[in-house]
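Asker: Starting from these lines, generate the structure:
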Amino acid sequence: MDLDNLVIQFKNKDVKAFEKLYNMYRDSMHGVIYNIVRDHAIAEEVMQDVFVKAWHKSDSYDVKKGRFFTWLINIARNAAIDKTRSKSFKNEGKNLNSDYFVDIIQSQDSLDDSTDAIGIKKFVDKLAKKCIEVIELLYFKGFTQKEASEELNMPIGTIKTRNRNCIKELREAVL
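Answerer: Numbering: from 1, shown residues only. The predicted structure is shown next:
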C-alpha cells in the first residue's frame, strides 16, 4: 500500500492505517523527541501523545502543504519542546543524578546517534559547519531561535536567515 492511500485511510480514522503509520514512524519520532527531552521514558510518553494528537487532528494535515512525515515531525518537535518547558519536567530535573549531566556534556559536541533514527544525519553532515550548528541547535536540541542566537553569539536575524537557507539546502540534498 502506498503512503498516500495510507494517509487518506488514517485521516478517515482507519485503525489499521494508524498502526502501520505508527510502526513506520515511531523510531524516527522517538529519536527526535529523545534528542530534546533526553529521557527514554519521557520520549516514549511524548511520542504516544504525538500519535494520539495526530489521530485527533488528522483533518488538519494538508498534502499540499508538505509531506505527512514532516507534519508529524513538527508535531513531535513542538510537543517535546512543550514538555521541556512544562513545570513538571522542570521539577523532575531538580533531583537528577550526575550521570544525566555527563551524558548531556558528551552529546553537546555533535549530533547524537539517536538523531540518525530519522536517517538524516548523513545529509546534515554534508552541510557547511555553520549550517550544522544552526540545524543541530534548532531541530535536534530543541533550542528556540533566540536561544540559538545567544548560544552562537550571533544576531537572531542571522540565525533565521541561516536556518531558512540551510533547510533549503538540506531539502535539496534529501529530495
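
Asker: thought residue 84 was touching residue 141?
Answerer: No - counting by C-beta atoms under 8 Å, residue 141 is not a contact partner of residue 84; they are 10.2 Å apart. C-beta here means a position set from N, CA and C on the backbone, and glycine is covered the same way.

Asker: which residues do the two both contact?
Answerer: Both residue 84 and residue 141 are contacted by residue 36, under the criterion C-beta atoms under 8 Å, 6 or more residues apart in numbering.

Asker: Neighbour count for the two, which is higher?
Answerer: residue 141 (20 against 16; other C-beta atoms under 10 Å).

Asker: so who does residue 53 touch?
Answerer: 75, 79.

Asker: quick one: average pLDDT of the one helix or strand it maps to?
Answerer: Residue 53 is part of helix 40-56 when elements are defined by DSSP states H and E. Helix 40-56 shows a mean pLDDT of 93.

Asker: So which bits of that helix are buried?
Answerer: Using 16 or more other C-beta atoms under 10 Å as the test for burial, helix 40-56 gives 42-44, 46-47, 49-51, 54-55.

Asker: cool, and stretch 74-89?
Answerer: 75-77, 79-81, 83-84.

Asker: before we move on, what about stretch 56-71?
Answerer: Neighbour counts over stretch 56-71 (16+ other C-beta under 10 Å) mark 58, 61, 68-69, 71 as buried.

Asker: Which ones among the residues you listed lie within helices?
Answerer: Cross-referencing those against helices under DSSP state H gives 68-69, 71.

Asker: ok, now which ones touch residue 21?
Answerer: Applying C-beta under 8 Å, 6+ apart to residue 21 gives the contacts 6-7, 10, 51, 68.

Asker: so residue 42 touches residue 84, yeah?
Answerer: No - judged on C-beta under 8 Å, residue 42 makes no contact with residue 84 at a distance of 9.1 Å.

Asker: And residue 76, how far from residue 69?
Answerer: For residue 76, the distance to residue 69 (C-beta to C-beta, to the nearest Å) stands at 10 Å.

Asker: returning to what we had before: return the closest of the contacts of residue 21 with respect to residue 130.
Answerer: Nearest to residue 130 out of the contacts of residue 21 is residue 68 (C-beta to C-beta; 30.3 Å).
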